[in-house]
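[1] need a structure here:
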Amino acid sequence: MTRPGFLLFWLLAFGAVLAPARVRAGETTPARVEAMRLQLATRLPDTARLRLLNALCYVLHNEQPARALPYGESAVALARALPAEAQARGLLPSLLNLASCYANLSNGPEALTLLAEAQALALRLKDPDGLVQAYTAQGSIYHERRDSTSAWRHYRRALRLVNQPGVTPTTRMRLLGNVSGLLFFRQQLPQAMHFDSLALALARRQGDSTAEANYLSSLATYQMRAGNMGRVKRLLTQALAISRRQRALRSQANQLIMFAMYYIQTDEPERADAATREALKLARQSGYLERVLDAYSILSAEAAEHKNYREAYEWNQRYVELNDTLNNRQTIQTLAAAQVSSETQERARRLRQLTEQHDEQVNHSRVLIGAVAVLALALLVAVYFYLNLRRSRSELAANNKALEKVSVELRSVASFKDKLYAIVAHDLRGPVTAFAGVTSLIDSYIAQNDQAGLARLPALVRQAADSLNHLLDNVLNWAVSQTGELECRPEAIAVADLFSECQALYQTTAAASWQHITMAAPDGLQLMADRNMARTILRNLVGNALKFMPTGGHVHLEAAPDPDDPAMVLISCTDTGPGMSATTVASLMSGPALPEPTPTPKPRATGLGLGLALCRAFVHRHGGTLVIQSRPGAGTNVTVSLPAAK
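    Numbers count the residues shown, from 1 in each chain. Predicted structure coming up:
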């Protein structure tokens, strides 16, 4: 942009970036200030008076620093007169507020002196928030002096502490905004936008709409410098909307001046003129003479650009007159600050004299205070014992509740343990009985010299051993799954391989009872499942089928993709056993994680026990389902769904 407004734009941009460096009190409310002044005129404890003086200084220091200065000086003097512990805590915020007043009055040396004292006090108190505030304010003053090296040194010290516990979000936000302004001044646009975005995010989390509007305006400035004009308009629109909701006239004037500069750059003179005139109106209403001056400059430059020299001259005359007024006002403010500082020092001397007189009166009153202290101590002891009694009763009630809760949990654990023992004992009966039967058969076959019977004994022993081993595996898997230590590690597994492995495991057992196992699985069908869990599921399904099926029965395993869900595979186990009633099926499907041991229809078989519970747990671990279909005398079909490998 080559228009005369270019230099003014960058002055505005620099001011917008620096704005978050100071604490923003928002629009000063005269009624609020008057209310605090009236309260200050009443009799107050020293600590309450100190808080009120600091609040008045904070409210006024940004827009009326000369008026805020006496309150800040009085706060510092009062804080120095307090007892040691109260003095340390009250002096730090007083020093920071007073330093801000001097900085706003362009008295940098006095502000830096106060900030150095605040920094030393924050270090002694180990107050990271106060220390970050001091470093941030020092960096801001050096920045305004165009000493970017010293400013960056102080900001860097603050950045090293900003994430420590105790640093408030407001302090962190102010530091990030100041760092952003310094980086923009040093022409480091990407870094400036990064820190400004962090400050904007903090402002939004804190619900600080005023700060949010300021940082949006700063981002708009950076984007305009980078030439991203589309983002400039969006950011300024958001900032202006927030300021209008808050009726913050000064913020609106700032953002409208920036809009005018945006429209000048995008060659929209009518909109630039409208934005400037609206900013001028708002700046006059709020007494914001700096923005009135900026509006005069823009209107003068734009009139000259359109060769309307008479109007340009008139606007320039207004600019010169107001600029002289502002310079005179700044000089008067500086002189007033010096006068106030002198008067404050005199008041501090008188305050010290009064403090000494007060100390003498305190010495005369100590005898009376000692008697009162003894009575107060006795009262405090009584209150202490009373509170301890109440606390002990509350703790006893809480301990009783905790004990009852632990007792309930212990009873539940004991019940769970007893149930597990019952199931293990119940399921062990079958394999142990089988071993006992084999020993009886050995005696019988030897007495009869039955070689064919003796030849069948290894298969019977193997069958009983496999059944016992299967039960032990189930018990171990169940115990591990209940402790949460059994990891599920899915991998691609060929269904045909799982079927073949299961058939090989139970072929001898089935042959011993003249039972048959068949299977059917499409070539290439694969599961995405934990191999050990998948084996356990198939082993339990086939084992239960063989267990309950009469001699000469048939078990059929089949796998196929789920027609309703291509991501799942259906595996079904169908047997020709005695089947189950609908009531039994319903109890198995909706029963507890650890079922009750149930009697079985034949002596050699055990109940479903842990087997079905493990199947349900492992299938659910894979996100699948288990469905049982059975009728008495018609056999049983158990279908599980497991994820298919992609």
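[2] mind listing the strands for the protein?
    Secondary structure of the chain (DSSP state E): strands located at 490-494, 516-520, 526-530, 554-561, 568-575, 626-630, 636-643.
[3] would you turn those into JSON lines with distance to residue 255?
    Any C-beta I mention is one placed from the backbone N, CA and C, and that applies to glycine too. What follows is those, written out as JSON lines (distance: least, Cβ to Cβ, whole Å):
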{"stretch": "strand 490-494", "distance to residue 255": "57"}
{"stretch": "strand 516-520", "distance to residue 255": "75"}
{"stretch": "strand 526-530", "distance to residue 255": "57"}
{"stretch": "strand 554-561", "distance to residue 255": "63"}
{"stretch": "strand 568-575", "distance to residue 255": "58"}
{"stretch": "strand 626-630", "distance to residue 255": "65"}
{"stretch": "strand 636-643", "distance to residue 255": "56"}
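[4] just put those in CSV and tack on mean neighbour count.
    Output for the strands of the chain, formatted as CSV (neighbours: other Cβ atoms under 10 Å):
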stretch, mean neighbour count
strand 490-494, 15
strand 516-520, 16
strand 526-530, 21
strand 554-561, 18
strand 568-575, 22
strand 626-630, 17
strand 636-643, 21
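[5] distance to residue 117 and mean pLDDT for the ones you listed - can I get that in a markdown table?
    As requested, the strands of the chain are exported to a markdown table (distance: least, Cβ to Cβ, whole Å; pLDDT from 0 to 100):
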| stretch | distance to residue 117 | mean pLDDT |
| --- | --- | --- |
| strand 490-494 | 65 | 91 |
| strand 516-520 | 88 | 89 |
| strand 526-530 | 67 | 91 |
| strand 554-561 | 79 | 92 |
| strand 568-575 | 73 | 92 |
| strand 626-630 | 75 | 90 |
| strand 636-643 | 69 | 93 |
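[6] out of those, which is closest to residue 590?
    With Cβ to Cβ, the closest approach to residue 590 among the strands of the chain belongs to strand 626-630: 11.0 Å.
[7] and the closest one, how far from the chain's centre?
    45 Å (Cα atoms, centre = their mean, to the nearest Å).
[8] that strand pairs with which strands, and in what direction?
    Take DSSP bridges as the rule and strand 626-630 pairs in its sheet with strand 636-643 (antiparallel).
[9] which parts of the stretch 101-250 of the chain are helices?
    Per DSSP state H, counting those that start in this stretch, the stretch 101-250 of the chain carries helices over the ranges 108-125, 128-144, 148-161, 169-185, 189-206, 209-226, 229-246, 249-265.
[10] could you export the ones you listed as TSV, including mean pLDDT and mean neighbour count?
    Output for the helices of the stretch 101-250 of the chain, formatted as TSV (pLDDT from 0 to 100; neighbours: other Cβ atoms under 10 Å):
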stretch	mean pLDDT	mean neighbour count
helix 108-125	88	18
helix 128-144	89	24
helix 148-161	89	18
helix 169-185	87	24
helix 189-206	86	18
helix 209-226	84	23
helix 229-246	85	18
helix 249-265	85	25
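[11] out of those, which comes closest to residue 542?
    With respect to residue 542, and counting by Cβ to Cβ, the nearest of the helices of the stretch 101-250 of the chain is helix 189-206 at 59.0 Å.
[12] just the angle for the closest one relative to helix 209-226, thanks.
    Between helix 189-206 and helix 209-226, the angle formed by their directions is 160 degrees, by axes from the mean of the first three to the mean of the last three Cα atoms, to 10 degrees.
[13] could the C-alpha coordinates of helix 189-206 be exported in PDB?
    Backbone C-alpha positions of helix 189-206 (Å, rounded to 0.1, in the frame of the first residue of the first chain) are rendered in PDB as follows:
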ATOM      1  CA  LEU A 189       5.400 -13.000  11.900                       C
ATOM      2  CA  PRO A 190       4.900 -16.800  12.200                       C
ATOM      3  CA  GLN A 191       6.100 -16.900  15.800                       C
ATOM      4  CA  ALA A 192       4.100 -13.800  16.700                       C
ATOM      5  CA  MET A 193       0.900 -15.400  15.300                       C
ATOM      6  CA  HIS A 194       1.700 -18.600  17.300                       C
ATOM      7  CA  PHE A 195       1.900 -16.800  20.600                       C
ATOM      8  CA  ASP A 196      -1.100 -14.600  19.900                       C
ATOM      9  CA  SER A 197      -3.100 -17.700  19.100                       C
ATOM     10  CA  LEU A 198      -2.100 -19.300  22.400                       C
ATOM     11  CA  ALA A 199      -3.100 -16.100  24.200                       C
ATOM     12  CA  LEU A 200      -6.400 -16.100  22.300                       C
ATOM     13  CA  ALA A 201      -7.100 -19.700  23.300                       C
ATOM     14  CA  LEU A 202      -6.400 -18.800  27.000                       C
ATOM     15  CA  ALA A 203      -8.800 -15.800  26.800                       C
ATOM     16  CA  ARG A 204     -11.500 -18.000  25.400                       C
ATOM     17  CA  ARG A 205     -11.000 -20.600  28.100                       C
ATOM     18  CA  GLN A 206     -11.100 -17.900  30.800                       C
END
